[in-house]
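[1] using only what follows, build the 3D model:
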Amino acid sequence: MADERATLVRLPDSDRMLADPAEDVRGRKVRDTDGEELGTVEELLVDAGEGRIRFLRVEHGGIFGFGATPSFIPVEAVEGVSDDEVTVEQARERVAGAPRYDPDLVDQQPYYESLYGYYGYPPFWTPGYLYSGFPYHPSRPAATGEVRHGGTRG
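    Predicted coordinates for the structure are as follows:
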């Protein structure tokens, strides 16, 4: 079972790397189920203890990267991944209305809990939680979606 007090960090701030570089969705456009563009995947938040991706940080708005607003989307919302896009099963308006991140939060657990509640997914630390197999749903070809410690390849 996942640790209730799991530490989530940006992938580059961890000692991990994606097991399969093809699963790195950073830089890809994000679209909702209606095809509306939501922004770009700027970062992946990783559960440092379990080595699994938990959230996509999607940047939207702004000009040339300035004034962009981040939104965090649980990986459970990922519906599909192509070479240049990620599709999520949340509408543009829903993502725009998600709880905003406060970088000054010392205990981020309540924020993550509010995100899961807002989007309607069970948090990864709850009993019976099944990892979605990011970046693919279980109904699609299996991919690990896990990250490995830096320096290991294979």
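[2] export stretch 28-46 as PDB, just CAs?
    Extracted in PDB, the C-alpha atoms of stretch 28-46 (Å, rounded to 0.1, in the frame of the first residue of the first chain):
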ATOM      1  CA  ARG A  28       3.400  17.400 -25.500                       C
ATOM      2  CA  LYS A  29       0.100  19.200 -26.000                       C
ATOM      3  CA  VAL A  30      -2.800  18.300 -23.700                       C
ATOM      4  CA  ARG A  31      -6.300  18.000 -25.100                       C
ATOM      5  CA  ASP A  32      -9.600  17.300 -23.400                       C
ATOM      6  CA  THR A  33     -12.100  14.700 -24.700                       C
ATOM      7  CA  ASP A  34     -13.600  17.300 -27.100                       C
ATOM      8  CA  GLY A  35     -10.200  18.000 -28.600                       C
ATOM      9  CA  GLU A  36      -9.800  21.400 -27.000                       C
ATOM     10  CA  GLU A  37      -6.200  22.300 -26.100                       C
ATOM     11  CA  LEU A  38      -5.600  22.600 -22.400                       C
ATOM     12  CA  GLY A  39      -1.900  23.500 -22.500                       C
ATOM     13  CA  THR A  40       1.400  21.600 -22.500                       C
ATOM     14  CA  VAL A  41       2.800  19.000 -20.100                       C
ATOM     15  CA  GLU A  42       5.600  20.900 -18.400                       C
ATOM     16  CA  GLU A  43       6.500  18.400 -15.700                       C
ATOM     17  CA  LEU A  44       5.700  15.000 -14.100                       C
ATOM     18  CA  LEU A  45       5.300  14.600 -10.300                       C
ATOM     19  CA  VAL A  46       6.700  11.400  -9.100                       C
END
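[3] mind listing what's buried in it?
    28-32, 38-46 (16 or more other CB atoms under 10 Å). All C-beta spots, glycine's among them, are computed from the backbone N, C-alpha and C.
[4] next up, the contacts around the residue lying closest to residue 128 once chain neighbours are set aside.
    Excluding the flanking residues, the one nearest residue 128 by CB to CB, 6 or more residues apart in numbering is residue 122, at 7.7 Å. Neighbouring residues of residue 122 by CB atoms under 8 Å, 6 or more residues apart in numbering: 116, 128-129.
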